[in-house]
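**Q** I need the structure of the sequence given here:
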Amino acid sequence: MKKAAFLIALFLISSTVFSQIEFQKGSVAEVLAMAKAQNKLVMVDVMTDWCKWCIELDNKVYAKKEVSDYANAYQINYKIDAEKGEGIDFAKKYKIQGFPSILFLDGDGNEVDRVYGYVPAKDFMEMMQDYNKGINTFSYLKTEVEKNPSNIEASLKLADKYSMYSEMDKAKELLNKIVEMDGSNAGGKTDDARFRLVLFTEKDEKAKLLEAFIADNPNSDQLKDAYVALSETYYYDLNDLPSSEKWFKETLGKFPNDEFVGSSYGQYMNQRAIALADKKYTKEDSLKGLLNIEGFVNDNKTGLSYIETALQYVAGSVNEASSYYIQSRLYFNLQEYAKAKESIDKAIKIFDRKLYRDARDKIEKQLSQK
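**A** I've put the predicted structure just below:
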């Protein structure tokens, strides 16, 4: 067994391309064999080339010394592209539905648990440590709740697991039980359960229920999330721009300098700007020449002002690349190609992806024709 482990270790060459975590190279089978030989879990980061939150995970989570030190010491770490090579079948086998998805597998390839999407470093560290210790995993929490149905904290965590695995009915059932068991919120978890139940409602009702939650739970630890959810619901779900703007401004005032709030608002401003960059005009307008249309010019200039606002909130994150890409689109529409090139170069420096490179080629073609 020791000889086999030695040979596997020789075959697998560690890579430090991504932050400080040592991600192993080799096939899935080889990495699992290495984990089995060392009696460790494998953390598999399932990603794609175009996934911006995968980049954010690299830069803001894996780059943290405490995260990388623990990951390197206690588990085998591995990255796999869900759209290339054996990653395609891997993603199907484990029913990957979004990126990044971080799976924790034992040496036989059985899933211990997973982390879905971008999670801040502190929370990621806690989850990673728990999974390696065998606590607060899906199976662990199911057992805990079966043994003690009145365990509200375990029930809330299990409801989140069911939600992550898209088992919404089971999640709702647990959340409703929490509300029934502790209607007065003596344990401090009923407000969490109520907030999650609101998020499961249809979009036409969600905004009204979120407003009620905010009014009824001024001291809840879910208050910030409720404010952000309400602001986003009005814009993305209900297309109610005045209400979304009102609630975003209130959220920013109540939670100034909060990274989560700022990120949400910055992405919102990006979306408003790209809507103007993509705005369609009539065929007759196009024939006249769009630069001769006052509305077209004003729309793109307004979009540029939105990007200036967005950049104040997304600086230092991967969403900054999105802002510069949209900025380049707006400048391109205005035929300010030199400025468009400057913006797209900034985007590529932050996140080198095909979409941005194609945009740069298009801009350079225009510049070469001048």
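
**Q** contacting residues for residue 159?
**A** Contact analysis of residue 159 by Cβ atoms under 8 Å, 6 or more residues apart in numbering lists 170-172, 174-175, 178, 193, 196. Yep, even glycine has a C-beta here, placed from its N, CA and C like the rest.

**Q** helix/strand/coil for the closest residue to it other than its chain neighbours?
**A** Closest residue to residue 159 apart from its sequence neighbours, by Cβ to Cβ, 6 or more residues apart in numbering: residue 174 at 4.1 Å. For residue 174, the assignment made with DSSP: H, G, I helix; E, B strand; the rest coil gives helix.

**Q** neighbours of residue 174, how many?
**A** 24 (other Cβ atoms under 10 Å).

**Q** go on, residue 27?
**A** Around residue 27 there are 14 residues (other Cβ under 10 Å).

**Q** can you dump the C-alpha atoms of stretch 332-344 in PDB for me?
**A** Extracted in PDB, the C-alpha atoms of stretch 332-344 (Å, rounded to 0.1, in the frame of the first residue of the first chain):
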ATOM      1  CA  PHE A 332     -17.900  51.400 -29.000                       C
ATOM      2  CA  ASN A 333     -21.500  52.400 -29.600                       C
ATOM      3  CA  LEU A 334     -20.400  56.000 -29.500                       C
ATOM      4  CA  GLN A 335     -17.600  55.200 -31.900                       C
ATOM      5  CA  GLU A 336     -15.000  56.200 -29.300                       C
ATOM      6  CA  TYR A 337     -12.800  53.200 -30.200                       C
ATOM      7  CA  ALA A 338      -9.700  54.300 -28.400                       C
ATOM      8  CA  LYS A 339     -11.500  54.600 -25.100                       C
ATOM      9  CA  ALA A 340     -13.300  51.300 -25.900                       C
ATOM     10  CA  LYS A 341      -9.900  49.600 -26.300                       C
ATOM     11  CA  GLU A 342      -8.600  51.000 -23.100                       C
ATOM     12  CA  SER A 343     -11.700  49.700 -21.200                       C
ATOM     13  CA  ILE A 344     -11.600  46.200 -22.700                       C
END
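
**Q** so what touches it?
**A** Taking Cβ under 8 Å, 6+ apart as the rule, stretch 332-344 contacts 277, 290-291, 296-297, 300-301, 324-325, 327-329, 331, 356, 359-360, 362-364, 366-367, 370.

**Q** just the buried ones among these, please.
**A** Buried subset of these (neighbour count, 16 or more other Cβ atoms under 10 Å): 277, 290, 296, 300, 324-325, 327-329, 331, 356, 359-360, 363.

**Q** just the residues you listed: which are in strands?
**A** Per DSSP state E, strands hold no members of the buried ones among the contacts of stretch 332-344.

**Q** any chance of these in CSV with pLDDT and distance to residue 147 as columns?
**A** As requested, these are exported to CSV (pLDDT from 0 to 100; distance: Cβ to Cβ, whole Å):
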residue, pLDDT, distance to residue 147
277, 96, 55
290, 71, 67
296, 90, 65
300, 96, 61
324, 98, 53
325, 98, 51
327, 98, 56
328, 98, 57
329, 98, 56
331, 98, 61
356, 97, 52
359, 97, 56
360, 98, 58
363, 97, 62
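
**Q** would TSV of these with distance to residue 71 be doable?
**A** Converted to TSV, the buried ones among the contacts of stretch 332-344 look like this (distance: Cβ to Cβ, whole Å):
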residue	distance to residue 71
277	40
290	51
296	51
300	45
324	31
325	31
327	36
328	36
329	38
331	41
356	30
359	35
360	35
363	40
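
**Q** residue 42 belongs to a strand?
**A** Yes - counting by three-state DSSP, residue 42 is part of a strand.

**Q** ok, now how distant is it from residue 30?
**A** According to Cβ to Cβ, to the nearest Å, residue 42 stands 11 Å off from residue 30.

**Q** ok, the two, which is more surrounded?
**A** Using other Cβ under 10 Å as the criterion, residue 42 and residue 30 rank with residue 42 on top: 22 against 15.

**Q** OK, contacts around the more buried one?
**A** 31-32, 35, 75-78, 103-107.

**Q** those residues in helices, which ones?
**A** When DSSP state H is applied, the contacts of residue 42 are split such that 31-32, 35 fall in helices.

**Q** mark which of these are buried, thanks.
**A** By neighbour count, with 16+ other Cβ under 10 Å, the ones in helices among the contacts of residue 42 hold 31-32, 35 as buried.
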